[in-house]
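Novice: No sequence on hand, only this structure:
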């Protein structure tokens with residue numbers, strides 16, 4: 001065995017064997033050891049061959065080891081942190097990775113990454129009691145990519161999946177598909193059926209090239225709502241179906257009303273209405289019957305929405321152009337005001353019509369019995 005003390009120079013082509021102890025500084029081919037630093041090989045208790053590096057002030061330092069099975073091991077503070085198996089699998093926090101990358105946390109979190117002839121994925125697990133969860137980012141060789149959410153017993157109970165074959169996006173909850181967006185932008189919630197075999201809702205742009213169609217299905221012919229409309233007062237309307245018909249509901253329960261009276265003159269009010277015939281400017285070839293909204297508004301105001309001759313104005317909170325104030329009229333590119341058109345719900349005229357018929361009937365009866 002050869003031992004050297006206070007060596008100032010080592011000839012690089014020298015044939016050395018045995019143990020070399022160094023005090024001071026030695027520089028060889030760019031390798032520098034200073035102070036109490038240690039560089040060397042040793043055989044540990046489990047027969048790993050280790051290259052150990054310890055800086056000034058370090059208690060244990062770090063090490064790179066090679067096992068008898070040709071695994072590469074990285075240690076800090078003499079504790080294994082990472083292992084590369086001879087076959088190439090990498091483990092962090094585990095010495096037996098079964099896939100290309102496997103990470104174990106101290107409290108049970110696990111991360112896996114794999115790419116082979118089958119699926120390629122990153123998987124994150126937590127095995128903490130009461131909060132088990134699994135998350136996958138996955139690409140398969142069967143034609144889809146997905147983000148999957150679940151637990152150790154059901155790793156894909158929820159997912160977001162992109163299907164490359166038909167360019168559709170699917171969403172799963174509770175292990176069943178709950179929503180789908182197809183390649184044309186259609187959205188399906190549940191599973192729509194034209195025969196009511198399944199329940200679902202679909203916004204379908206594929207019916208034609210000019211617009212969307214909204215469809216819904218329920219699995220019964222009972223009188224049930226497809227759509228309900230609510231505000232701060234609760235449900236105020238619905239669209240419902242029976243076995244063969246559709247009803248459009250608005251709130252009318254007597255418990256919602258007060259000051260109810262039948263003592264009012266319908267005939268006089270009805271005669272103020274002005275039914276007319278006209279065509280819409282955008283449909284010049286079609287003549288229809290109807291009303292002018294502002295004329296009806298003074299007689300049956302609840303039938304009309306909007307304000308007579310209303311135009312768009314700049315609102316508080318909008319980004320105002322230079323020289324414009326809140327409340328000023330908005331103008332189109334030709335400098336014209338932008339109309340806000342009135343609408344009419346003609347069903348609101350029905351009570352007035354019914355009451356007028358009743359009053360006329362009473363007059364007829366009075367004349368016939370006079």
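Specialist: Sure thing, it's come through. What you see is a predicted model; the values in this text were computed from it and never measured.
Novice: Just confirm residue 122 is within a strand.
Specialist: Yes. Assessed by DSSP: H, G, I helix; E, B strand; the rest coil, residue 122 belongs to a strand.
Novice: separation between it and residue 173?
Specialist: Separation of residue 122 from residue 173 (Cβ to Cβ, to the nearest Å): 22 Å. All C-beta spots, glycine's among them, are computed from the backbone N, C-alpha and C.
Novice: Out of those two, name the residue with the larger neighbour count.
Specialist: Between residue 122 and residue 173, counted using other Cβ atoms under 10 Å, residue 122 has the larger neighbour count: 16 against 12.
Novice: I figured the more buried one hits residue 103, correct?
Specialist: No. If you go by Cβ atoms under 8 Å, residue 122 and residue 103 don't touch, sitting 9.9 Å apart.
Novice: where do the contact lists of those two overlap?
Specialist: 111-112 (Cβ atoms under 8 Å, 6 or more residues apart in numbering).
Novice: Would you mind giving both backbone torsions of residue 361?
Specialist: phi -60, psi -40 (degrees, to the nearest 10).
Novice: what's the answer for residue 353, then?
Specialist: Per degrees, to the nearest 10, the backbone of residue 353 is at phi -70, psi -40.
Novice: List the contacts of it.
Specialist: Contacts for residue 353 (Cβ under 8 Å, 6+ apart) come out as residue 270.
Novice: Distance check, it against residue 276.
Specialist: Remark: distance between residue 353 and residue 276 (Cβ to Cβ) = 17 Å.
Novice: and what of residue 115?
Specialist: Residue 115 is 73 Å from residue 276, by Cβ to Cβ.
Novice: can you check residue 72 too?
Specialist: 90 Å.
Novice: now swap in residue 264 and tell me
Specialist: 25 Å.
Novice: before we move on, what about residue 301?
Specialist: 19 Å.
Novice: ok so, going back, ok, residue 72 and residue 276, which is more surrounded?
Specialist: Legend: neighbour count by other Cβ under 10 Å for residue 72 and residue 276, higher for residue 72 (14 against 11).
Novice: tell me the contacts of the residue lying closest to that one once chain neighbours are set aside?
Specialist: Residue nearest to residue 72 in three dimensions, not counting chain neighbours: residue 84, with 4.3 Å by Cβ to Cβ, 6 or more residues apart in numbering. Shown in contact with residue 84 (Cβ under 8 Å, 6+ apart): 71-73, 90-91.
Novice: Let me know the closest of these to residue 295.
Specialist: residue 90 (80.2 Å; Cβ to Cβ).
Novice: OK, contacts around that closest one?
Specialist: Contacts of residue 90 by Cβ under 8 Å, 6+ apart are 82-84, 97, 100-102.
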